[in-house]
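1. Give me a model of this one.
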Amino acid sequence: MSPVSRRRKRATSSRSGQRVLRLAEPVNPEPCDCPACSDADFDPQDLIDTLVAGAADLLKTDDPIEAELFAASFVAAGDLAGDGFAEALDAGIVPAVAEIATPESLAVLLALDAVHASSVAADAARRLLSAGVPAPSWADEVREPLQVGQCRRFADPAGSAAMLVCTFDRAGRSYGFVIHIDHLDCDAAANLVLFPAEVLDEVVSTLAENSRRAGVTVTEESLDPAELRWQVERALDARADHDREVDPAELADEFEDEDEEGPGYHLLAVLLRAWIRALPEPTRPAARHHDGPAAKLPAKRRKSAPPAPVYQIKVGLRGAKPPIWRRLELPADTSLAALHDIIQVAFGWNDSHLHVFETAYGDFGVADRELGYRAEAPVTLEQVASGVGDRFSYTYDFGDGWEHEIVVEKVLPRQAIAYPRCTGGRRAAPPDDCGGVWGYAELVEVLGDPSHPEHGDRLDWLGLASAADFQPARFDAAEITQALTEANHR
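-> Predicted coordinates:
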């Protein structure tokens, strides 16, 4: 069976869009079994004939989502085949399909127009309609505008993962997506789930139940449609970058197991990209994946502008188990140099090592041409993180490698109180120079075992009289706020 026909069979299955897929852990990328990767003989006309013949099933359905899944499967297969597919689709495949001039070929063109960001298929479909080729029953419905419904984000407190849930309405039919985002994997999309919107409550209940079983209490918030689009595009783009690094042969092996599981990730990613184009354009720049070029830094707030709002940020120490984090409130126009000082105080670091902020707009720290670091003092927090959900990294001590993830949780009105302040957190931070996350874990183990041969040496190194004075679980937000206030007045 050809790559096209295999994907077509799955996409037009009666299960497509008709069931809630089990919400699972991040899955491996979908494989590419295109002719280029499988070394199979490739006949372009055979591909066209297979595509049009497969559209016969589309003449029997009245739900346009079946047509969209059909086209998405073809586009996904082409995208996996390599660069240049979009150009080949517009310049060769679409004209060849249009020449057949049958109801099946018209169905193909209408379906492609629904998911492919080009007017070529739409123009070809209009010509066939004008020539009297009969249209499928769903032709008018698929061209109706999509309306966004629910836009919600569920996240775990540790900031490692999130689920975006969104629903779309069109001509009386409603469907939804769950987008599983792995924040520890460059904010990439780990899995996509398509479901009929009437089971939205069941989907949300499943998310809550899975979280309870994992011992996690998730937070929930509503997003405006533009923000939802920004977060979805960030996740899909990061995943696409990662997929390009996967061995095509490995992907091809994995693909063989997907036929019975419903639409796979890449197919749904094509459909989701098409649907979110109906949402408002994001107001902030597109997120940059770590392999891409730095975006242009937004302009700094003007002195004549209103006072900056307050950001609630969460600063978490990556790799720490149990989690170690601080929740801080500070003006959005705080400089990155000042943010460095704030983090040092909040975590009890002694500022004796180099540091760097890694953002979508470049790396900032003590200016260093050789390392590629730009000066941090002129740059403000709101320039590198313009809204809720934005995140970037802060690394302190390149030897021990204390990596912190910083995420904007809320944008708050400024109150008549002192900033910065600490409003939450968990556990004491490790001492400087203890060897990073793994070294700290060993330190905790040694100090917890009076019989350990290094127990006394570690106490001496820390300047402690007793292991009882070592309290890794201790955290006091008021104490940190007081330290921030004192540091601010020095």
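2. Not counting sequence-adjacent ones, nearest residue to Leu271?
-> Excluding the flanking residues, the one nearest Leu271 by CB to CB, 6 or more residues apart in numbering is Ala72, at 4.5 Å. (Each C-beta comes from the backbone N, C-alpha and C, glycine too.)
3. what number of residues lie near the one you found?
-> Other residues near Ala72 number 29, with proximity taken as other CB atoms under 10 Å.
4. and what of the one 4 residues further on?
-> Other residues near Ala76 number 25, with proximity taken as other CB under 10 Å.
5. just the one 5 residues further on next, same as before
-> The burial count assigned to Ala81 is 19, neighbours taken as other CB under 10 Å.
6. And for the one 10 residues further on?
-> Neighbourhood size, Ala91 [other CB under 10 Å]: 12.
7. just the one 10 residues further on next, same as before
-> Neighbours of Ala101 under the rule other CB under 10 Å: 15.
8. same deal with Pro225?
-> Neighbour count for Pro225, taken as other CB under 10 Å: 17.
9. Now do it against Val115, distance only.
-> 19 Å (CB to CB, to the nearest Å).
10. hmm, back to that, would you enumerate the residues in contact with the residue nearest to Leu271?
-> Ala72 is in contact with Ala11, Val115, Pro263, Leu267, Leu268, Val270, Leu271, Ala274, counting by CB atoms under 8 Å, 6 or more residues apart in numbering.
11. can you rerun that using 6 Å?
-> Applying CB atoms under 6 Å, 6 or more residues apart in numbering to Ala72 gives the contacts Val115, Leu267, Val270, Leu271.
12. Just among the residues you listed, which is most surrounded?
-> Most surrounded of the contacts of Ala72: other CB under 10 Å gives Leu267, at 29 neighbours.
13. just to revisit the earlier point, and the residue nearest to Leu271, helix, strand or coil?
-> Assigned by DSSP: H, G, I helix; E, B strand; the rest coil, the conformation of Ala72 is helix.
14. What of the one 4 residues further on?
-> Secondary structure state of Ala76, per three-state DSSP, is helix.
15. please begin residue numbering at 290 from this point
-> Yep, numbering from 290; the last one is Ala365 now.
16. Return the distance of it relative to Arg779.
-> 58 Å.
17. was I right about Ile468 contacting Leu453?
-> Yes. Using CB atoms under 6 Å as the test, Ile468 is close enough to Leu453 to be in contact (4.2 Å).
18. which helices and strands does the helix or strand Tyr464 falls within pack with?
-> Using DSSP states H and E, Tyr464 sits in strand 462-471. Applying 3 or more CB pairs under 6 Å, 6 or more residues apart in numbering; DSSP states H and E, we find strand 462-471 packed against strand 450-459, strand 477-485, helix 514-532.
19. closest to Gln334 out of the ones you listed?
-> Closest of these to Gln334 is helix 514-532, at 29.0 Å (criterion: CB to CB).
20. Which neighbouring elements make contact with that closest one?
-> Contacts defined by 3+ CB pairs under 6 Å, 6+ apart place helix 514-532 against strand 436-444, strand 462-471, strand 477-485, helix 554-565.
21. Would you mind saying which of those lies nearest Arg715?
-> Of all these, it is strand 436-444 that lies closest to Arg715, at 15.9 Å by CB to CB.
22. Chain neighbours aside, what residue packs nearest to Pro514?
-> Per CB to CB, 6+ apart, closest to Pro514 is Leu568, 4.4 Å.
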